[in-house]
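*Asks:* Just the structure for this:
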Amino acid sequence: MSQRVVVIGGGVIGAACAHYLSQSGSRVTIVEKKTIGSGAAHGNCGYVCPSHILPLPGPGVMKKTLKAMISPNSPFSIKPRLDLSLWRFLLEFARHCNMKDMLASGVTLQLMLNSSKALYEELFANEPIDAEWQMSGILYPFLHQAGMEHFAETNQILRTHFNHGADRYDGDAVTELEPALKPGLAGGWHFPGDAHLRPDKLMSSWKKLLESRGVDVREHHEFLGFTTGRQLASNGHPAITAAKTSQGEIEADAFVVATGAWTPLLNQHLGCKVPIQPGKGYSLTMARPEKCPRMPLIFEEHRVAVTPWPSGYRLGSIMEFAGYDSSLNPRRIAMLRSGASHYLHEPTGDPVIEEWFGWRPMTPDSLPIIDRSPRAENVYIAAGHNMIGVSMATATGKLISELIHRQPTHIPVEPMSVRRF
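*Replies:* Prediction:
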């Protein structure tokens with residue numbers, strides 16, 4: 001008899017977990033409080049980027065962070081408030097701002113990113129999923145020479161420690177590579193191995209595929225907690241037998257919590273403190289401008305990302321630590337426009353299709369949490385993927401399937417244990 005698994009959360013991580021569990025023979029049910037792909041999976045920039053090896057905490061990052069906090073126009077901000085979990089997060093983040101921890105986290109991130117990229121290529125080659133998948137790399141243009149040289153130091157770390165790096169384009173060579181850029185830039189760095197997709201199309205197409213393979217997708221089912229049975233598991237705690245939802249209980253043999261930035265609200269059910277903070281990001285989706293970039297762009301000096309697709313165009317970025325604030329700040333949307341205007345002939349398109357915000361699940365060391373619950377041995381956590389959830393989704397799904405089916409994991413999961421905090 002095949003194993004029954006409930007996946008809690010219908011974002012890109014939940015969909016990937018359901019895909020690989022179903023592929024391995026499990027009977028899978030997804031429960032989602034809204035609709036599939038309606039959270040952070042909907043409005044992000046859709047990068048699948050093996051180049052994003054280095055974690056956010058690193059040498060000198062806290063000094064830059066504190067400086068950014070006092071700037072009214074900074075793309076990074078922290079809303080002052082009495083929130084002990086936030087300050088514990090920031091202290092833990094600061095503790096990881098050193099070269100040793102940065103390189104250690106980078107080892108796991110590289111394994112996750114490389115695995116996911118290969119699994120995406122396999123997925124799109126073998127499955128009827130339409131997500132406008134393109135492998136044109138990602139380009140980092142710079143206005144100033146100082147920015148070019150600072151990135152050269154980052155690139156040297158990537159080449160020395162991870163055998164991965166970008167190609168350098170100085171001066172007008174960068175506009176020859178990407179004609180949508182204005183002339184007169186200092187140059188740019190191009191990672192040719194990166195890819196991108198349209199995340200909303202990925203989610204709608206993946207949902208159809210999962211349903212066609214027998215996955216039971218239950219939208220508008222809010223997760224309320226777990227039901228425990230009378231029997232004790234091997235760890236001495238009561239065994240979990242069902243997921244409680246707003247539409248009733250769903251019995252299963254195993255449960256996967258893939259609830260992104262909302263995971264800390266489930267600490268009581270998980271039996272541990274999950275140190276995830278919601279990092280609020282924004283995006284602006286439009287029709288393609290007439291002079292549209294040919295590849296994704298990241299403007300490091302202004303913290304704005306650009307994604308062109310055959311069917312549209314998106315600007316995204318910003319990082320606000322404002323808790324679960326659900327307001328859309330028009331000033332942040334304006335910062336996306338103004339940031340892109342320094343680099344592009346046509347920074348925006350018309351009409352504007354959507355102004356969006358969502359919460360990224362941020363961890364202090366930039367590594368996700370892929371582990372069993374300390375309390376319930378048949379409950380698994382797959383959350384905390386920071387700003388690269390799409391990039392790490394397929395590897396995460398495969399790891400969760402391997403853990404549940406008691407198989408050797410294709411990537412060591414110990415660095416991503418919830419017990420590391």
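
*Asks:* Could you use CA atoms for every contact and neighbour count after this?
*Replies:* Will do.

*Asks:* Contact partners for Arg4?
*Replies:* Applying Cα atoms under 8 Å, 6 or more residues apart in numbering to Arg4 gives the contacts 26-29, 251-254.

*Asks:* Apply 10 Å and report the result again.
*Replies:* 21-22, 25-29, 250-255 (Cα atoms under 10 Å, 6 or more residues apart in numbering).

*Asks:* Narrow those to those that are buried.
*Replies:* For the contacts of Arg4, a burial check counting by 16 or more other Cα atoms under 10 Å picks out 21-22, 26-29, 250-255.

*Asks:* tell me which of the contacts of Arg4 is nearest to Thr263?
*Replies:* Set against Thr263, the nearest of the contacts of Arg4 by Cα to Cα is Phe255 (13.9 Å).

*Asks:* Show residues contacting the helix or strand harbouring that closest one.
*Replies:* In the assignment (DSSP states H and E), Phe255 maps to strand 254-257. Around strand 254-257, the neighbours that count as contacts under Cα under 10 Å, 6+ apart are 3-9, 13-14, 17-18, 26, 28-30, 223, 226, 240-243, 263, 266, 270, 370-373, 376-383, 400-401, 404.

*Asks:* So which of those belong to helices?
*Replies:* 13-14, 17-18, 270, 400-401, 404 (DSSP state H).

*Asks:* Between those residues, which sits nearest Phe151?
*Replies:* Ile13 (30.5 Å).

*Asks:* Give the closest residue to the closest one in space, chain neighbours not counted.
*Replies:* Excluding the flanking residues, the one nearest Ile13 by Cα to Cα, 6 or more residues apart in numbering is Ala393, at 5.1 Å.

*Asks:* and the one you found, how far is that from Leu54?
*Replies:* Using Cα to Cα, to the nearest Å, Ala393 is found at 18 Å from Leu54.

*Asks:* The two - which one has more neighbours?
*Replies:* For Ala393 versus Leu54, the count of surrounding residues by other Cα atoms under 10 Å is larger for Ala393: 28 against 21.

*Asks:* Need the per-residue pLDDT for that one.
*Replies:* Predicted confidence (pLDDT) for Ala393: 98.

*Asks:* tell me what the helix or strand hosting it is packed against?
*Replies:* Using DSSP H and E, Ala393 maps to helix 389-404. In terms of contacts (3 or more Cα pairs under 10 Å, 6 or more residues apart in numbering; DSSP states H and E), helix 389-404 is packed against helix 12-23, helix 40-43, strand 47-48, helix 99-126, strand 195-196, strand 254-257, strand 369-372, strand 379-383.

*Asks:* Kindly report which one of the ones you listed carries the lowest mean pLDDT.
*Replies:* The lowest average pLDDT among those, as it happens, falls on helix 40-43, at a mean of 93.

*Asks:* Tell me which other helices or strands that one touches.
*Replies:* So helix 40-43, by 3+ Cα pairs under 10 Å, 6+ apart, packs with helix 12-23, helix 199-212, strand 277-286, strand 312-321, strand 352-362, helix 389-404.

*Asks:* hey, which helix or strand in this protein has the poorest pLDDT?
*Replies:* Within the chain, no helix or strand scores below helix 61-69, which has a mean of 73 by mean pLDDT, DSSP states H and E.

*Asks:* Where does the prediction get shaky in the protein?
*Replies:* Applying pLDDT under 70 to the chain flags the ranges 1, 66-72, 232-236.

*Asks:* what helix or strand does Cys97 sit in?
*Replies:* Assigned by DSSP H and E, Cys97 falls within no helix or strand.

*Asks:* residues touching Ile276, list them.
*Replies:* For Ile276, the contact set (Cα under 10 Å, 6+ apart) comprises 85-86, 89, 260-265, 360-364, 368-369, 383-386.

*Asks:* any idea how far it is from Leu367?
*Replies:* In terms of Cα to Cα, Ile276 sits 11 Å off from Leu367.

*Asks:* Now list whatever residues contact both of these two.
*Replies:* 383-386.

*Asks:* before we move on, back to that, biggest separation within the contacts of Arg4, which pair?
*Replies:* Spatially, the most separated pair among the contacts of Arg4 is Gly25 and Ile250, at 18.7 Å (Cα to Cα).

*Asks:* Quick check, Ile240 in contact with Thr228.
*Replies:* Yes - shown here, Ile240 and Thr228 form a contact pair, counting by Cα atoms under 10 Å, at 4.4 Å.

*Asks:* Need the overlap of contacts for these two.
*Replies:* By Cα under 10 Å, 6+ apart, the residues touching both Ile240 and Thr228 are Ala376.

*Asks:* So which of those two has more stuff around it?
*Replies:* Per other Cα under 10 Å, whichever of Ile240 and Thr228 has more neighbours is Ile240, with 24 against 15.

*Asks:* what's the spacing between that one and Gln110?
*Replies:* Between Ile240 and Gln110 the distance is 34 Å, computed by Cα to Cα.

*Asks:* Over to Glu320?
*Replies:* Glu320 sits 26 Å away from Gln110, going by Cα to Cα.

*Asks:* Quick one: neighbours of the residue lying closest to Gly193 once chain neighbours are set aside, just the number.
*Replies:* Nearest residue to Gly193 in three dimensions, chain neighbours excluded: Gly137, at 5.4 Å (Cα to Cα, 6+ apart). When neighbours are counted by other Cα under 10 Å, Gly137 registers 22.

*Asks:* got it, and Ser326?
*Replies:* If you count neighbours by other Cα under 10 Å, Ser326 ends up with 11.

*Asks:* Show me just the buried residues among the contacts of Ile276.
*Replies:* The buried subset of these - by 16+ other Cα under 10 Å - is 86, 89, 260-264, 360-364, 368-369, 383-386.

*Asks:* need the contact list for Leu139.
*Replies:* 166-169, 174, 177-178, 188-192, 194, 295-299, 305-306.
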